[in-house]
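J.: I would like the atomic coordinates for the input below:
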Amino acid sequence: VWNYAVWAAISGFISTTFVYGDRFVVAGYLNSQDLSIYIASQDILIRYLLIPWSMAIVLMPTFSANVLDRNEIAGLYRSQQKRVGLISFVLLSLTLLLSFFVVRMVDASMVPENVELVVSIQIFGIFFCALSQLPLIYLFSKGAPKLVTKIFLMELFIYLLIAPLIFRYYGLIGACLVWSGRLVMEYFLLGYYAKRLMKLSLIHISEPTRRTPI
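T.: Sure thing, here's the model as predicted:
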């Protein structure tokens with residue numbers, strides 16, 4: 001339990017820092033106006049992640065209980081991921097259209113430049129972040145927080161290696177691309193290892209105990 005809790009705490013800290021804490025790094029490369037756009041749109045969109053997270057976390061007891069065979073687990077995983085993808089696509093598309101409408105309704109002199117592009121890029125990242133919640137929960141349910149931590153540490157290394165250069169040369173748009181690009185990469189990594197673990201795991205269904213005749 002201690003080993004699991006330590007790795008889960010480390011991975012949770014890194015994940016939260018990635019989602020919320022990168023703004024402190026970005027702040028050193030953007031002006032106040034660009035930074036306000038970046039943070040404001042990010043804060044609004046992050047709230048949506050409560051929906052896919054809730055849809056994923058309710059399945060954690062089922063994934064960890066080992067009461068279903070491998071095919072049933074895989075089918076449940078795929079069907080839930082399709083639901084998350086469909087709901088996310090619809091709601092985030094409506095959010096994008098609403099943002100365009102609001103921008104058109106406001107006086108052009110009051111709208112910062114590139115705000116539509118910023119929202120579009122961040123919504124793209126949020127969509128993949130929503131899809132990554134289920135594989136993340138699956139890995140945790142199978143006792144693999146150490147693997148999740150390694151994935152996040154690899155992302156952190158890549159981020160620290162290339163992000164400052166992109167921020168310096170591409171400013172606000174570069175910051176949005178880095179933030180969303182990391183979320184896309186995270187989805188594919190978590191999804192790959194979740195499916196790999198799903199194929200390798202052998203789930204034993206308990207059988208009724210046979211009575212030995214006396």
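J.: need the longest helix for the protein.
T.: Longest helix in the chain, counting residues (DSSP state H): helix 145-200.
J.: So for it, mean pLDDT?
T.: Per-region confidence: helix 145-200 scores 89 on mean pLDDT.
J.: and that helix, how far out from the chain's middle?
T.: Remark: helix 145-200 is offset 10 Å from the chain centroid, using C-alpha atoms, centre = their mean, to the nearest Å.
J.: Can you pull the phi/psi pair for residue 99?
T.: Per-residue torsions, residue 99: phi -60, psi -40 (degrees, to the nearest 10).
J.: who does the longest helix of the chain touch, helix- and strand-wise?
T.: helix 2-16, helix 22-26, helix 32-46, helix 70-105, helix 115-141 (3 or more C-beta pairs under 8 Å, 6 or more residues apart in numbering; DSSP states H and E). Where C-beta positions appear, they are placed from N, C-alpha and C, glycine not excepted.
J.: That one versus helix 2-16: what angle between them?
T.: 100 degrees (axes from the mean of the first three to the mean of the last three C-alpha atoms, to 10 degrees).
J.: tell me the angle helix 145-200 makes with helix 70-105.
T.: 120 degrees.
J.: Let me know whether residue 127 touches residue 89 as I believe.
T.: Yes: with contact defined as C-beta atoms under 8 Å, residue 127 reaches residue 89; the gap is 6.9 Å.
J.: Right, I'll call it a day here.
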